[in-house]
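Enquirer: With the sequence up front, the predicted model follows.
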Amino acid sequence: MVLKITADDTLLSFTGYSRDLLSARVRQSLKASLRVALKARDVTSVAALRSALSAIDNAEAVDRSTPTARLGVGAADVARRELSTAEVLAILRTEVAERTSAAAEYELLGRTEQAARLRAEAATLASYLEEG
């Protein structure tokens, strides 16, 4: 697979995968890393990866702005939104930024342990942005 992404995360070219599959590969990579972190009992990585996966799941939630007037069996079954790779990477960027700013606040309050934990979580998630 050949993948070229510019600095602003625009997909220039790729072969072998569609945008949806590329986004799914990022998610699969996060899930695989979560399994490894769970086995290694790496609490910091587990927390960061679970949080990131939850944020992605929340972003994929069904858009309730469009009403559905279906009745009967399967009326409540609605397909989830599909996120593009850029959207998934934006979610990861937001997660990293939130942890970094919270760590700075903890540092100002003299809570260095919590700040170090948040910086480690941010570093874990930032590694996926570098791969992206």
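Expert: Yep, it's here. Residues are numbered from 1 along each chain as shown.
Enquirer: average pLDDT for stretch 110-119?
Expert: Throughout stretch 110-119, pLDDT has a mean value of 96.
Enquirer: Let me fix that, I meant to ask about stretch 41-48.
Expert: pLDDT averaged over stretch 41-48 gives 96.
Enquirer: Give me the contacts around that stretch.
Expert: The contact list for stretch 41-48 (CB atoms under 8 Å, 6 or more residues apart in numbering) reads 33-34, 37-38, 95, 99, 117, 120-122, 124-125. Placement of C-beta: from N, CA and C, glycine included.
Enquirer: Swap in 10 Å and give it another go.
Expert: 30, 33-38, 40, 49, 95-96, 99, 116-128 (CB atoms under 10 Å, 6 or more residues apart in numbering).
Enquirer: Give me the buried positions along it.
Expert: Residues 42, 44-48 are the ones in stretch 41-48 that count as buried (16 or more other CB atoms under 10 Å).
Enquirer: Repeat that for stretch 90-103.
Expert: Result for stretch 90-103 [16+ other CB under 10 Å]: buried residues 91-93, 95-96, 98-100, 102-103.
Enquirer: With stretch 29-42 instead?
Expert: 30, 33-34, 37, 42.
Enquirer: and if you look at stretch 109-118?
Expert: Those buried within stretch 109-118 under the rule 16+ other CB under 10 Å are 115, 117-118.
Enquirer: closest to Ala79 among those residues?
Expert: Using CB to CB, Leu118 is the member of the buried residues of stretch 109-118 that lies nearest Ala79, at 34.9 Å.
Enquirer: I'd guessed that closest one sits against Ala97; true?
Expert: No. Look at Leu118 against Ala97 with CB atoms under 10 Å: they stay out of range, at 11.4 Å.
Enquirer: Tell me the first helix or strand C-terminal of the helix ranked longest in the chain.
Expert: Criterion DSSP state H: the longest helix present in the chain is helix 85-108. Downstream of helix 85-108, the first helix or strand assigned by DSSP states H and E is helix 112-131.
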